[in-house]
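# Starting from these lines, generate the structure:
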Amino acid sequence: MKDFMLVFRNTVQNEENFAKQSPEQMQSEFASWKTWMDNLAKDGKLVGGDPLFPNGKY
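Numbers count the residues shown, from 1 in each chain. I've put the predicted structure just below:
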């Protein structure tokens, strides 16, 4: 398979847990995501990050 899509689902529980994090914990979590995405892009595995519909969230 040449291309595939990752779908991330947010739940109320995830939002509640995220809201309880300290700014340092949030920064660390975002840094981990950025590193992962940067590595995908560097390896040529990140084709795009467009929403499925024009009015979708980014």
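
# ok, and Asn17, which helix or strand is that part of?
Using DSSP states H and E, Asn17 sits within helix 12-19.

# hmm, who's touching that helix?
Residues from elsewhere that reach helix 12-19, judged by CB atoms under 8 Å, 6 or more residues apart in numbering: Met26, Glu29. All C-beta atoms are positioned from the backbone trio N, CA, C, and that covers glycine.

# please renumber so the chain begins at 57
Yep, numbering from 57; the last one is helix 68-75 now.

# Tell me where the protein has helices.
The residue ranges that make up the helices of the chain, judged by DSSP state H, are 68-75, 79-98.

# rewinding a little: kindly export the helix holding Asn73 (C-alpha atoms) in PDB.
Presented in PDB, the C-alpha positions along helix 68-75 are these (Å, rounded to 0.1, in the frame of the first residue of the first chain):
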ATOM      1  CA  VAL A  68     -13.500  13.500  26.800                       C
ATOM      2  CA  GLN A  69     -11.200  11.500  29.100                       C
ATOM      3  CA  ASN A  70      -8.200  12.500  27.100                       C
ATOM      4  CA  GLU A  71      -9.300  16.200  27.200                       C
ATOM      5  CA  GLU A  72      -9.800  16.000  30.900                       C
ATOM      6  CA  ASN A  73      -6.400  14.400  31.400                       C
ATOM      7  CA  PHE A  74      -4.700  16.900  29.100                       C
ATOM      8  CA  ALA A  75      -6.300  19.800  31.000                       C
END
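
# How far off centre is it?
In terms of CA atoms, centre = their mean, to the nearest Å, the centre of helix 68-75 is found 15 Å from the chain centre.

# buried sites along that helix?
Of the residues in helix 68-75, none has enough neighbours to count as buried (16 or more other CB atoms under 10 Å).
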